[in-house]
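Chemist: Predicted model follows, preceded by the sequence.
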Amino acid sequence: MTTAAAHRPAIRTLDLKIPQKESVERGSTSSVRSTVENVIEDIRQRGDAAVREYSEKFDNYAADSYLLSDEQLDEIVARVPRQVIEDITFVQEQVRLMAQKQLESLTDFEIETLPGVFLGQKNVPIQAAGAYIPGGKYPLLASAHMTIITAKVAGVERVAACTPLIRGEVPDATIAAMRLAGADEIYLLGGIQAVAAMAVGTETIRPVNMLAGPGNAFVAEAKRQLFGEVGIDLFAGPTEVLIVADEHADPFIVAVDLLSQAEHGPDSPAVLITTSDELGRAVIEHVDTILVDMPTRDYAEVAWRDWGEVRVVETLDEAYALADVYASEHVQILTENPREALDKMHDYGALFLGEGTCVSYGDKVIGTNHVLPTRGAARYTGGLWVGKYLRTVTYQEVTNTESSAFFGELCGRAARVEYFEGHARSGDVRAAKYRGEALSWSDHRFTK
């Protein structure tokens, strides 16, 4: 008997880079789970009062209302430099175009399978979505584009969006992005309290049907605990990048691109799989040099130290196979023929093909959605897209009495095999009525 491991390529790790993964915990700790559970339950019980207390406790911000009025939004947007507004507008046009093309690929249909038997499919948007736009260390404008625009293109009637203060200040550009994206309600609120308030509702915040958007460990755990009560986009963990490179790649660019994602946080994996030992060693040297004066070194250096890897394989086919084992969120292909990966690879959140393309484009400006699966989830799901905000529903109609009688008899037989007598009788009555026959289990007679 063979095992999955037997089919994996032979690999070795460069001696210069031995990751110390044991030093960092990436999962949700028992402390995080307990804190989130308590906050959610408190908000269920006490609503706005609890939201206010947690906002003051965690974000040092208490307000009578966290909903920003149109007047406040006008003032905030007016403070944002014109160039920033123009850039936001351009990027949102790219995101909207991609979402619109995705929507056009989803078609409703109706077919007639037998005379008078109609089966159909419709794509129906959910009615209310909650978008969480993180703050923390960085203002993440792009998350507003990805979560809000995609929902509105899908046809979501109401999008409530939350974002926290950043270092005690209103994140003007983020809120401008949220408004330009089309959010119907914008709350200056963050953390567990924001996610929970949108999901369960309070006196002043109506509940939503789905939550979307990235966040820290507490936000991610809140979404996990609320899943089922509401839908979520996906379970997201720390940002991941994996680069497949051959001897033709520029090692300096590879190093820069690895660190571009490592700066997201101290537990963000940055992995290089290469067919070139020489390139791998050069990349490590460039990383060490670049980190010396990198402004985001506090995150990037720790992520590279604890979660960075350089793996050397013999062939590109082995590189693609190993990359599939990782099932990374972002996979960048820096090879002589990058489009080959479209056929050779299967498990990834998003592919970035060739030197002219980088993960940062997807994160910030190019138009594809950057809310993507992490921690191996790419093996079974894609990222956030317009279809996540749609429910594919079916309908059926039988207008031909002979066809209904046929299905009635078939249903009767099929249901009784499973001992579902009630189901069987629903079929029996139609077969009896439309064919003028008697029922074996009732004296009832149908009139013509």
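Modeler: Here it is on my side, so go on. Numbering: from 1, shown residues only.
Chemist: how far away is the residue lying closest to residue 231 once chain neighbours are set aside from residue 327?
Modeler: The spatial neighbour of residue 231 that comes closest, neighbours along the chain excluded (C-beta to C-beta, 6 or more residues apart in numbering), is residue 210 at 4.0 Å. For the C-beta atoms, the positions are set from N, CA and C on the backbone; glycine is no exception. Using C-beta to C-beta, to the nearest Å, residue 210 is found at 24 Å from residue 327.
Chemist: How about residue 403?
Modeler: Distance, residue 403 to residue 327, by C-beta to C-beta: 46 Å.
Chemist: okay, residue 11: pLDDT?
Modeler: Looking at residue 11, its pLDDT stands at 51.
Chemist: And the strands in the chain, which stretches?
Modeler: 12-13, 109-114, 117-125, 128-132, 158-163, 185-188, 210-212, 231-232, 241-245, 270-274, 308-312, 330-334, 350-353, 390-398 (DSSP state E).
Chemist: quick one, helices of the stretch 201-350 of the chain?
Modeler: Secondary structure of the stretch 201-350 of the chain (DSSP state H, counting those that start in this stretch): helices at 217-226, 251-262, 277-291, 297-307, 316-326, 341-344.
Chemist: wait, isn't residue 315 in contact with residue 276?
Modeler: No. Under the criterion of C-beta atoms under 8 Å, residue 315 makes no contact with residue 276, lying 11.5 Å away.
Chemist: who has more neighbours, the two?
Modeler: The residue with more neighbours, out of residue 315 and residue 276, is residue 276; 17 against 11, by other C-beta atoms under 10 Å.
Chemist: contacting residues around the more buried one?
Modeler: By C-beta atoms under 8 Å, 6 or more residues apart in numbering, residue 276 lies in contact with 245-247, 249, 312.
Chemist: ok, now residue 239?
Modeler: 261, 264-265, 268, 329-330, 374.
Chemist: mind redoing it with 7 Å?
Modeler: 261, 264-265, 268, 329 (C-beta atoms under 7 Å, 6 or more residues apart in numbering).
Chemist: Got phi/psi on the closest residue to it other than its chain neighbours?
Modeler: Excluding its sequence neighbours, the residue lying closest to residue 239 (C-beta to C-beta, 6+ apart) is residue 264, at 3.9 Å. In terms of degrees, to the nearest 10, the main-chain angles of residue 264 are phi -60, psi -40.
Chemist: Tell me how many other residues crowd residue 264.
Modeler: Residue 264: 21 surrounding residues under other C-beta under 10 Å.
Chemist: how near is it to residue 300?
Modeler: Counting by C-beta to C-beta, the gap from residue 264 to residue 300 is 9 Å.
Chemist: Give me the more crowded residue out of residue 403 and residue 327.
Modeler: The residue with more neighbours, out of residue 403 and residue 327, is residue 327; 22 against 18, by other C-beta under 10 Å.
Chemist: Surely the residue nearest to residue 231 touches residue 129?
Modeler: Yes. If you go by C-beta atoms under 7 Å, residue 210 and residue 129 touch, sitting 4.8 Å apart.
Chemist: List the contacts of the nearest residue to residue 287 once chain neighbours are set aside.
Modeler: Excluding its sequence neighbours, the residue lying closest to residue 287 (C-beta to C-beta, 6+ apart) is residue 255, at 4.6 Å. Residues in contact with residue 255 (C-beta under 7 Å, 6+ apart) are 283, 286-287, 290.
Chemist: could you dump stretch 199-211 to PDB, C-alpha only?
Modeler: Included here for stretch 199-211 are C-alpha records, laid out as PDB according to Å, rounded to 0.1, in the frame of the first residue of the first chain:
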ATOM      1  CA  ALA A 199     -23.600  39.200  13.700                       C
ATOM      2  CA  VAL A 200     -26.000  39.100  16.700                       C
ATOM      3  CA  GLY A 201     -27.400  42.700  16.500                       C
ATOM      4  CA  THR A 202     -27.900  45.300  19.200                       C
ATOM      5  CA  GLU A 203     -30.400  48.000  19.900                       C
ATOM      6  CA  THR A 204     -28.800  50.200  17.300                       C
ATOM      7  CA  ILE A 205     -27.000  47.700  14.900                       C
ATOM      8  CA  ARG A 206     -29.200  45.400  12.900                       C
ATOM      9  CA  PRO A 207     -27.800  41.900  12.500                       C
ATOM     10  CA  VAL A 208     -26.400  40.800   9.100                       C
ATOM     11  CA  ASN A 209     -26.500  37.400   7.400                       C
ATOM     12  CA  MET A 210     -22.800  37.100   6.500                       C
ATOM     13  CA  LEU A 211     -19.400  38.400   7.800                       C
END
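Chemist: what does it contact?
Modeler: Contacts for stretch 199-211 (C-beta under 7 Å, 6+ apart): 43-44, 47-48, 51, 65, 67, 126-130, 132, 160, 195, 197-198, 223, 226, 229-232, 389.
Chemist: what about that stretch, average pLDDT?
Modeler: Averaging pLDDT along stretch 199-211 yields 98.
Chemist: Nothing else from me, thank you.
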